[in-house]
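In: The sequence and its predicted three-dimensional model are supplied below.
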Amino acid sequence: NAGVTQTPKFQVLKTGQSMTLQCAQDMNHEYMSWYRQDPGMGLRLIHYSVGAGITDQGEVPNGYNVSRSTTEDFPLRLLSAAPSQTSVYFCASKEKTRPWPDEKLFFGSGTQLSVL
Amino acid sequence: SQQGEEDPQALSIQEGENATMNCSYKTSINNLQWYRQNSGRGLVHLILIRSNEREKHSGRLRVTLDTSKKSSSLLITASRAADTASYFCATENNAGNMLTFGGGTRLMVKP
C-alpha cells in the first residue's frame, strides 16, 4: 500500500490564482481530512469527510473548498489564493470514526505552498 | 484557538537521558494521541490513550492522562539521537470526527 499520497510536493502561486491539492489513499479509509501547518505551530483542521459525498468544515475553512466523490480521493481547492494561505498542507485519513477502536490518523508527506 | 498546548516548546537533552513533554487541553475528549514529526515530513502516530485510561506504555514511550486536570504527559526513556523531532499532542472530540493538535515540543537529543 502506498498509504496517503499528496501531489504536488511544492507549489508557488500568485495572489488570486486557483489550484487544487490532490490527496489519495489506498487503505479504504472512510475518514479523510486536510490540515495546514504554519511555521512553529501545530496543525489546524481545514475540512474533513466521514465518507463519500459527506464533507464538513474544520477550524479554518475560509478560502478552501473540498469534495469527496470517491472513497479514495479528497481534493482541496483554493479558490483565490492569498499570501495568508502560504503554508504546508497535510492530508490525513483514518479507517472510521467512532465507535471503532482504531482511531489514529495516517498522514501524507505534505504540500508546501507559497502564495506571492 | 488550539485545544492542546505543549510544554516545553523546546527541549534539549543528552543521549541516554529521559525526555518529558506535557500537554494541556480545554474541553472533554474521547482520546488523546501523540504524534512525531521529523523535519519536513508528515506526522507519524506514536500512541493513543483513551479518556478512561490513566497510563499507557509502548516500548520506550510512557503516556499518562489526568482528565481532572485536563493534562497529559509523554515520557521517552533512554533517548537516542534518532528521537530528535517535534512531538505533538492531539485530542479527539467525543464525536470522533475532529482531531485538534497542540503547538508541539521540539526535542533535540545530542549524541
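Out: Structure's in. What do you need?

In: Mind giving me the packing neighbours of the helix or strand of chain B with the lowest mean pLDDT?
Out: Least confident helix or strand, chain B: strand B:5-7 with a mean of 86, by mean pLDDT, DSSP states H and E. Other helices and strands packing on strand B:5-7, by 3 or more C-beta pairs under 8 Å, 6 or more residues apart in numbering or on different chains; DSSP states H and E, are strand B:19-24, strand B:85-92. Using the backbone N, CA and C atoms, a C-beta is placed for each residue, glycine as well.

In: Deepest-packed of these, please.
Out: Greatest average neighbour count among the helices and strands packed on strand B:5-7 goes to strand B:85-92 (a mean of 24), per mean count of other C-beta atoms under 10 Å in any protein chain shown.

In: follow-up on the earlier one: if you count neighbours, what's buried in the least confident helix or strand of chain B?
Out: Within strand B:5-7, the residues that qualify as buried are B:5-6, counting by 16 or more other C-beta atoms under 10 Å in any protein chain shown.

In: Quickly run through the sheet partners of that strand, with directions.
Out: Strand B:5-7 has the following sheet partners, assigned by DSSP bridges: strand B:19-24 (antiparallel).

In: can you state the direction angle for the strand it pairs with and strand B:85-92?
Out: 30 degrees (axes from the mean of the first three to the mean of the last three C-alpha atoms, to 10 degrees).

In: Could you confirm whether any residue of whichever helix or strand comes after strand B:19-24 contacts chain A?
Out: Heading C-terminal from strand B:19-24, the first helix or strand you meet, by DSSP states H and E, is strand B:31-37. Yes: residues of strand B:31-37 contacting chain A under C-beta under 8 Å from any C-beta of the partner chain: B:31, B:33, B:35.

In: Compare the residues you listed and tell me which is most surrounded.
Out: Highest neighbour count within the residues of strand B:31-37 next to chain A, by other C-beta atoms under 10 Å in any protein chain shown: B:Y35, with 27 neighbours.

In: For beta bridges, what are the partners of the nearest residue to that one once chain neighbours are set aside?
Out: Leaving aside its sequence neighbours, B:Y35 sits nearest to B:L43 (C-beta to C-beta, 6 or more residues apart in numbering or on different chains; 4.2 Å). For B:L43, the beta-bridge partners under DSSP bridges are B:Q37.
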